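**Student:** Provided below for reference: sequence and predicted model.
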Amino acid sequence: MRVIKILLKYLFRLIWIPTELLFAFIFVLFTIVLFNAQIDTPEVPTIHVGERKQVGKDHYVLGNSYLKKNQFGVWEMYLEGEPYERGVIYGKLAKELVQEQEDIFVGQIENFLPNKMWRHVIKLMVGFFNSDLPENIPLENQQEIYGISLAFSDRYDYIASKYTRILNYHAAHDIGHALNDYSVVGCTSFVVKGQKSENRQLLVGRNFDFYVGDDFAKNKLIIFVNPSKGYKFTSYSWAGFTGVASGMNEKGLTVTINASKSDLPTSSKMPISLLAREILQYAKNIDEAVAIAKKRNTFVSETLMISSAEDGKAVLIEKSPKKLGVYESKTDVLVCANHYQSEPFQKDQVNKKNIANSDSKYRFDRMKQLLAGNHPLNPIHAAAILRDQSAQDNDTLGMGNPRALNQLQAHHSVVMQPESRLYFVSSSDYQLGTFLGYDVTKTFQTKQIQLVDSIPQDAFVTSDAYRKFKAFKTVKQQITAYLMFDKTLNLSEKEVAQFIANNSESYVTYEQLGKYFQKKKNFKRAISYYETALKKRVASPQIEEELRNLIKECRKNGK
């Protein structure tokens, strides 16, 4: 097995080469690795937790734990107990939600990889990456995750065992990061304090632009966990996920994660979301958070933004597979996009290239500009910043541009006030809908989820522009399906004109039409659309270069 892993280490760096020899070699190894892809379940105690009771529409209770859907369509869960007990109860309470999320996740994989051969290749890669996954996950987390896996459907047992699958899903964020280099994910976050904050206390805002389709983000879940060990905490994500993307604990310590650039990993380590979870559950201040981050190995590069009520400040823990840096702003403003700022990464070539070529610096600069105003900020102001769709100096970007803070694709956004233990989460329409404000302290004191405040929805939700964006997005998805999966599409001239009218200021509109007509072998028209795209505010220098290369390709093929 060790020899196979060494060989695969180098194969992963060549995987993009579509040679028959490479694929033959991969499939010779596939059967051997598949035997090792199944992950053994952890040892767990013998317990009996009973069955859930339905006490209302979309409202279930099991012991002291419960799950209900609120008036805004957000699922709320309170969970307590020992690790395995928590997992079993979680799975019983949210069985339908957990199974639906897996249906959507597997469906997305099949949509993006309709070719069975490629699905087998990805399965091989995932099996390789994650064969040692349990060695990098604390037993407590394994037991909790295993408990949830018991609620999984039998439908996908042909892929792997339920426990193997759920562990792989916890590493999906990291695997996607590794394979795609996060080219389509652009999370942005900030912290203000002192004179920049209306009440002089810490104020945190973040967009989590992890996009696996609108269906995947439909059933959002806020969970309040009262563990048998560590601190009580809350986090916001989706059913079946025990890691943390955005969260706060009872001590007023908050954690959010932002991807950065990294080398392609060659083995699994601790999933970054589970490291964030460990920090949230076991750290009460920044020093303890840094100590936990230092002792864990992760296999992607990520920034953990940590704010602490005890310290009255925030830092960025910037972590890669090889090094760690801690960055603290010298002002009352801390901004995080998708590149590193700490001293250990100042001369890092991958980081420098990322800053120069990606959209990260654009969002970073726009965030700093919005935070530079003279008025101090409150949660309503924070939400307005997270909803911003403009470029520097309020110039237009069109809708859905990766350069924007609000790319109209976020799974969720949160606004947090650590000292007050107030935790606001977006409800719908990305970050445009109502933000729901929860009192973390009162929730754990009463064991009843306390929704105490809200931030009104953005006026853009009811605008004609948003209606046009949704129509634009529908056609864009049709074009993508045509380009990637050869799904039949023949746009009429009227449909092309309407597609442009619905989002005329976005380079994406013309980029998509260029690719559509290029595949139709109408190279002259494709070039025209690519050239128009270049006149708009393109997401990044890297995209600009890609558009110029597509023009060259069309000119060459059009001769």
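**Tutor:** Now that the structure is in, tell me what you want to look at.
**Student:** please pull out the lowest mean pLDDT helix or strand from this protein.
**Tutor:** helix 20-37 (a mean of 40; mean pLDDT, DSSP states H and E).
**Student:** show me the contacts for V440.
**Tutor:** Neighbouring residues of V440 by C-beta atoms under 8 Å, 6 or more residues apart in numbering: 224, 232, 234, 248-250, 421-423. In this view, the C-beta of every residue, glycine as well, is placed from N, C-alpha and C.
**Student:** so it versus L139, what's the distance?
**Tutor:** From V440 across to L139, the span is 27 Å (C-beta to C-beta, to the nearest Å).
**Student:** what ranges do the helices span in the stretch 451-559 of the chain?
**Tutor:** Shown for the stretch 451-559 of the chain, the helices assigned by DSSP state H, counting those that start in this stretch span residues 464-485, 493-502, 507-519, 523-535, 541-557.
**Student:** and the ones you listed: which comes nearest V204?
**Tutor:** Judged by C-beta to C-beta, the one of the helices of the stretch 451-559 of the chain that comes nearest to V204 is helix 464-485, at 26.5 Å.
**Student:** quick check: angle from that closest one to helix 493-502?
**Tutor:** Between helix 464-485 and helix 493-502, the angle comes out at 120 degrees (axes from the mean of the first three to the mean of the last three C-alpha atoms, to 10 degrees).
**Student:** could you shift the numbering so residue one becomes 49, and keep it that way?
**Tutor:** Sure, I'll start numbering at 49, so the last one becomes helix 512-533.
**Student:** buried ones in helix 512-533, by neighbour count?
**Tutor:** Judged by neighbour count (16 or more other C-beta atoms under 10 Å), helix 512-533 contains these buried residues: 514, 516-517, 520-521, 523-524, 526-528, 530.
**Student:** where is pLDDT lowest across those residues?
**Tutor:** pLDDT across the buried residues of helix 512-533 is lowest for T528, at 90.
**Student:** spatially nearest residue to it (excluding sequence neighbours)?
**Tutor:** Excluding the flanking residues, the one nearest T528 by C-beta to C-beta, 6 or more residues apart in numbering is Q560, at 7.7 Å.
**Student:** the one you found is in contact with K524, isn't it?
**Tutor:** Yes - between Q560 and K524 there is a contact under C-beta atoms under 8 Å: 5.7 Å.
**Student:** need the pLDDT of A529.
**Tutor:** Taking A529 on its own, its pLDDT is 89.
**Student:** any chance you could map the helices in the stretch 349-498 of the chain?
**Tutor:** 397-405, 408-419, 427-434, 488-494.
**Student:** off-centre distance for the last one?
**Tutor:** Between the centre of helix 488-494 and the centre of its chain there are 28 Å (C-alpha atoms, centre = their mean, to the nearest Å).
**Student:** what's the answer for stretch 395-408, then?
**Tutor:** Remark: stretch 395-408 is offset 20 Å from the chain centroid, using C-alpha atoms, centre = their mean.
**Student:** with stretch 269-276 instead?
**Tutor:** With C-alpha atoms, centre = their mean, you get 20 Å for stretch 269-276.
**Student:** check stretch 96-109 too.
**Tutor:** The chain centre lies 30 Å from the centre of stretch 96-109; the measure is C-alpha atoms, centre = their mean.
**Student:** who's in contact with it?
**Tutor:** Here stretch 96-109 has contacts from 110-111, 114-117, 123, 133, 136-137, 140-141, using C-beta under 8 Å, 6+ apart.
**Student:** of the buried residues of helix 512-533, closest to A574?
**Tutor:** I527 (12.6 Å).
**Student:** show me what contacts the closest one?
**Tutor:** Listed by C-beta under 8 Å, 6+ apart, the contact partners of I527 are 537, 539, 560-561, 563-564.
**Student:** now tabulate those residues in TSV and tack on neighbour count.
**Tutor:** Listed next are the contacts of I527 as TSV, based on neighbours: other C-beta atoms under 10 Å:
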residue	neighbour count
L537	16
L539	18
Q560	23
L561	24
K563	18
Y564	23
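**Student:** for K583, grab the count of nearby residues.
**Tutor:** Residues near K583, counting by other C-beta atoms under 10 Å, number 9.
**Student:** what does I271 give?
**Tutor:** Around I271 there are 23 other residues, counting by other C-beta under 10 Å.
**Student:** let me know the closest of the buried residues of helix 512-533 to R573.
**Tutor:** Distance to R573 across the buried residues of helix 512-533 (C-beta to C-beta) is lowest for I527, with 14.2 Å.
**Student:** now the residue nearest the centre of the chain: how far from Y375?
**Tutor:** Residue closest to the mean C-alpha point of the chain, counted by C-alpha atoms, centre = their mean, is F258 at 2.8 Å. According to C-beta to C-beta, F258 stands 23 Å off from Y375.
**Student:** what sits against the residue of the chain positioned farthest from its centre?
**Tutor:** Among residues of the chain, the one most distant from the C-alpha centroid is K607; the distance is 43.2 Å, by C-alpha atoms, centre = their mean. Residues counted as contacts of K607 (C-beta under 8 Å, 6+ apart): none.
**Student:** next one: G485
**Tutor:** Each residue near G485 by C-beta under 8 Å, 6+ apart is listed here: 427, 470-472, 499-503.
**Student:** from these, list just the buried residues.
**Tutor:** Buried among the contacts of G485 by 16+ other C-beta under 10 Å: 427, 470-472, 499, 501, 503.
**Student:** quick revisit: relative to F547, which of the helices of the stretch 349-498 of the chain is closest?
**Tutor:** F547 lies closest, by C-beta to C-beta, to one member of the helices of the stretch 349-498 of the chain: helix 408-419, at 24.9 Å.
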